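*Asks:* Everything below, folded, please.
(chains A and B)
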Amino acid sequence: MRLSDEDLKKARKRLLQMHFESGVGHIGGNLSALDAMMILQHEYLRSDGNQFILSKGQAAGALYVSLWSRGLLSEDDLKRFHMEETKLPAHPPAIGIPGVLFATGSLGHGLSLAAGTALAKRFNSDAGHVYCLTSDGEWQEGSTWEALIFLCHHQLAGLTILVDHNSLQGFGSTDAVASMNPLADKIRGFGIQIHSIDGHDLGAIRAALDAPSSGPKLVILNTIKGHGVSYMENRMEWHYLPLSEKQYKQALMEVAES
Amino acid sequence: MRKQFCDAMVARSAANRLVFMTGDLGFMALEPLQEVLGEYFINAGVAEQNMMSVAAAMARQGIETWAYSIAPFCYARPFEQIRNDIAFHGLPVKLVGNGGGYGYGVQGPTHHAIEDYGVLLTLPDMSVYVPVFDQDLAAVVPLVGESSGPAYLRLGRGEPPSGYTVPDYAPWRHLVSGRGGTVIAIGPLAGTYIEVLQNLPDAVRPNLWALAELPLGKHPMPEALMAQIESGAELCVAEEHVARGGFGAELALHLVEKGISVGSFTHLCARKHIYDAYGSQNFLRRQSKISAENILAWASES
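*Replies:* Next comes the predicted model:
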């Protein structure tokens, strides 16, 4: 089912509501990743055997909302996000959520998990493609490069890596902290097919995901932290801050008018 | 035990579909397995973190997956991957660490694994296998292979006395009988004690029990062993592992919880990571006072 702008707008509002009601931060990196996760859930993960691993577990909110948007999580589930007795903690847990294969949240695990899943599919002759979304700061983890070496060496054509390249990490910009920019140049030597696109352009995301490839593929999503909310965009503090009521209302208004 | 491990794996692979991963180790030992497994033998390179997560994912997809390295590299570097990706999901990945304890003796402290099973046993549903004799591998490999949760196989070097008839594998084995105290030794260390204890007079000769599987709750102590402990016999636990997280601590807690008092309790264990001088495994066992000479001294004094 093709994702519409209205679906996306509704998801963005629901994500804001969820984070506001639970008083939880990390909203900036959720908004940067939401578009990609929504299009994956609605258009690419409905096929039998296709699987998704969220390596940047701090974007669990966007993952939960995209699953809710597909009807895989309920409104009640979202209402309990990050609260007592919730099944939706701030980072994806090990069990209990449809479509969530692994608990993530410690960065640098997801790409290896995705590689292992894709390799197992090859060995089992199972249908399906594996998608893995990483953050950009996560490429400072050595294990991410271990995974890249491995998946390129084994030419895992059933794997697509997406990088939420919003250029801001926990305590500074990726440029200021430990720059690997331009990331594509650092990775190109591995011989993997690379696309660098506007991560909020649904058409560009589709084109990159649909591009034929005989090996693994990497899509750098050039995104905006806090995308769609003017006072959050490209501001590091929205890695952490919860929303006040005034900020929440303004954010909803901006999304509605977008 | 590497050869026996490899033989057992080759035998297992004949009847079971499995993937074997190694962190670029196993030269002059695992080649027969590599040959029979073909593409299912994966040298994952010098990248243990990736290897463990890949192993977790393959197990998640229903493939029996083994991940091999030397013992210190098997659990310490990729501990978070073992914890988050394997253990948190209860995945039956089979971790294999060669040369546990001081097995890599003179290679130096980075190559020793004297806190391996203690660390791993902190994880949910982890099973640990420490074979005593080389011959155990034929029985232990299928047990590890069939384990429903994560498992760690610590390989060492079986050292029974010359001409010794190795008893059939069991988690608990009564290797030496006598009227002295009680010794429980973990893994190959038990084999190194047999000869010196057998040579003692019956009146002072301790009972030597070998334990090859942990944690304790997985295989309750045999009744005969419990009877010896409850009789107030002096008790010694010996293991090539540090005190914290070791079997000695687990047993002491178990006995206290059960209200069982012992005549005396001695824990022979790996004392140090860092030494002023290094040498063979037996040299380091002597340094830690867990060698055959040390168990003999304990038996003579008790």
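*Asks:* and stretch B:173-187, which residues are buried?
*Replies:* Under the neighbour-count criterion of 16 or more other CB atoms under 10 Å in any protein chain shown, stretch B:173-187 has B:173, B:175, B:176, B:178, B:180, B:181, B:182, B:183, B:184, B:185, B:186, B:187 buried. C-betas here are computed from N, CA, C, even on glycine.
*Asks:* Please apply the same query to stretch B:263-270.
*Replies:* For stretch B:263-270, using 16+ other CB under 10 Å, the buried residues are B:266, B:267, B:268, B:269, B:270.
*Asks:* what about the closest residue to the fourth one other than its chain neighbours, neighbour count?
*Replies:* With CB to CB, 6 or more residues apart in numbering or on different chains as the measure, residue B:243 is the residue that lies nearest to residue B:269, at 4.8 Å, once sequence neighbours are left out. Burial of residue B:243, expressed as a neighbour count using other CB atoms under 10 Å in any protein chain shown, amounts to 16.
*Asks:* what does residue A:74 give?
*Replies:* 11.
*Asks:* how about the closest residue to it other than its chain neighbours, what does it touch?
*Replies:* For residue A:74, ignoring the flanking residues on the chain, the nearest one in space by CB to CB, 6+ apart is residue A:68 at 7.3 Å. Counting by CB atoms under 8 Å, 6 or more residues apart in numbering or on different chains, residue A:68 touches A:11, A:14, A:74, A:75, A:77, A:78.
*Asks:* And these, which of them are buried?
*Replies:* A:11, A:14, A:77, A:78.
*Asks:* Pull the most distant pair out of the residues you listed.
*Replies:* Farthest pair in these (CB to CB) is A:11 and A:77. Separation: 14.5 Å.
*Asks:* any idea how far chain A is from the residue nearest to the spatial centre of chain B?
*Replies:* Nearest residue to the geometric centre of chain B (CA atoms, centre = their mean): residue B:130, 2.4 Å. Using CB to the nearest CB, to the nearest Å, we find residue B:130 at a distance of 27 Å from chain A.
*Asks:* which residue sits closest to that residue in space, ignoring its chain neighbours?
*Replies:* Here the residue nearest residue B:130, using CB to CB, 6+ apart, is residue B:187, at 3.4 Å.
*Asks:* Quick check: that neighbour touching residue B:153?
*Replies:* No - counting by CB atoms under 8 Å, residue B:187 sits too far from residue B:153 to count as a contact (10.7 Å).
*Asks:* any bit of stretch B:45-58 sitting next to chain A?
*Replies:* Yes - residues of stretch B:45-58 contacting chain A under CB under 8 Å from any CB of the partner chain: B:45, B:47, B:49, B:50, B:52, B:53, B:54, B:55, B:56, B:57, B:58.
*Asks:* Identify the bridge partners of the closest residue to chain A within the stretch 151-300 of chain B.
*Replies:* The stretch 151-300 of chain B approaches chain A most closely through residue B:151 (17.9 Å), counting by CB to the nearest CB. When assigned by DSSP bridges, residue B:151 has beta-bridge partners residue B:94, residue B:127.
*Asks:* In this structure it contacts residue B:95, no?
*Replies:* Yes - between residue B:151 and residue B:95 there is a contact under CB under 8 Å: 6.8 Å.
*Asks:* what about the strands in the stretch 51-200 of chain B?
*Replies:* Under the criterion DSSP state E, counting those that start in this stretch, strands of the stretch 51-200 of chain B are mapped to B:64-70, B:94-98, B:127-129, B:151-155, B:172-176, B:182-186.
*Asks:* cool, chain A as well?
*Replies:* A:51-54, A:130-135, A:159-165, A:168-169, A:172-173, A:193-198, A:217-222 (DSSP state E).
*Asks:* Tabulate these (TSV), appending mean pLDDT.
*Replies:* Output for these, formatted as TSV (pLDDT from 0 to 100):
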stretch	mean pLDDT
strand A:51-54	98
strand A:130-135	98
strand A:159-165	98
strand A:168-169	90
strand A:172-173	92
strand A:193-198	98
strand A:217-222	98
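*Asks:* and the ones you listed as TSV, adding mean neighbour count?
*Replies:* TSV is the format used below for the strands of chain A (neighbours: other CB atoms under 10 Å in any protein chain shown):
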stretch	mean neighbour count
strand A:51-54	26
strand A:130-135	27
strand A:159-165	27
strand A:168-169	25
strand A:172-173	14
strand A:193-198	17
strand A:217-222	23
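*Asks:* mind putting these in a markdown table, distance to residue B:101 included?
*Replies:* Shown next, in a markdown table, are the strands of chain A (distance: least, CB to CB, whole Å):
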| stretch | distance to residue B:101 |
| --- | --- |
| strand A:51-54 | 37 |
| strand A:130-135 | 38 |
| strand A:159-165 | 39 |
| strand A:168-169 | 41 |
| strand A:172-173 | 44 |
| strand A:193-198 | 47 |
| strand A:217-222 | 43 |
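*Asks:* coming back round to it: what separates the residue nearest to the centre of chain B from residue B:174, distance-wise?
*Replies:* Distance of residue B:130 to residue B:174, computed by CB to CB, to the nearest Å: 17 Å.
*Asks:* Deepest-packed of the strands of the stretch 51-200 of chain B, please.
*Replies:* strand B:151-155 (a mean of 28; mean count of other CB atoms under 10 Å in any protein chain shown).
*Asks:* ok, how many other residues are close to residue A:214?
*Replies:* Residues within reach of residue A:214, counting by other CB under 10 Å, total 8.
*Asks:* again with residue B:31
*Replies:* Using other CB under 10 Å, residue B:31 has 12 neighbouring residues.
*Asks:* what sits against whatever residue of chain B ends up closest to chain A?
*Replies:* As assessed by CB to the nearest CB, chain A sits closest to residue B:57 within chain B, at 2.7 Å. By CB under 8 Å, 6+ apart, residue B:57 lies in contact with A:101, A:102, A:112, A:113, A:114, A:115, A:116, A:117, A:119, A:120, B:85.
*Asks:* Distance of the residue lying closest to the fifth one once chain neighbours are set aside relative to residue A:163?
*Replies:* Read it as residue A:114. In this structure, residue A:114 finds its nearest non-sequential neighbour in residue A:132, 3.6 Å apart by CB to CB, 6+ apart. Plainly put, residue A:132 is 10 Å away from residue A:163 if you go by CB to CB.
*Asks:* check contacts around the residue of chain A found nearest chain B.
*Replies:* Closest to chain B within chain A is residue A:116: 2.7 Å, counting by CB to the nearest CB. For residue A:116, the contacting residues are B:53, B:54, B:55, B:56, B:57, B:58, B:60, B:61, by CB under 8 Å, 6+ apart.
*Asks:* Ok, residue A:85 next?
*Replies:* Counting by CB under 8 Å, 6+ apart, residue A:85 has no contacts.
*Asks:* Now residue 56: closest residue in space that isn't a chain neighbour?
*Replies:* Went with chain A since none was named. Per CB to CB, 6+ apart, closest to residue A:56 is residue A:135, 3.8 Å.
*Asks:* nope, chain B
*Replies:* That would be residue B:85: by CB to CB, 6+ apart, it lies 3.8 Å from residue B:56.
*Asks:* Tell me the pLDDT of the one you found.
*Replies:* Per-residue pLDDT puts residue B:85 at 98.
*Asks:* Restricted to helices, list the residues of stretch B:45-58 next to chain A.
*Replies:* B:49, B:50, B:52, B:53, B:54, B:55, B:56, B:57, B:58 (DSSP state H).
*Asks:* What about the first one, how many residues nearby?
*Replies:* The criterion is other CB under 10 Å. On that basis, residue B:49 has 25 neighbouring residues.
*Asks:* In contact with it, which residues?
*Replies:* A:108, A:112, A:142, A:143, A:146, B:77, B:78, B:80, B:81.
*Asks:* now the angle from the strand or helix carrying residue B:21 to strand B:64-70?
*Replies:* Using DSSP states H and E, residue B:21 sits in strand B:18-22. For strand B:18-22 against strand B:64-70, the angle by axes from the mean of the first three to the mean of the last three CA atoms, to 10 degrees is 20 degrees.
*Asks:* anything in strand B:18-22 near chain A?
*Replies:* Yes - Strand B:18-22 is in contact with chain A by CB under 8 Å from any CB, via residue B:19.
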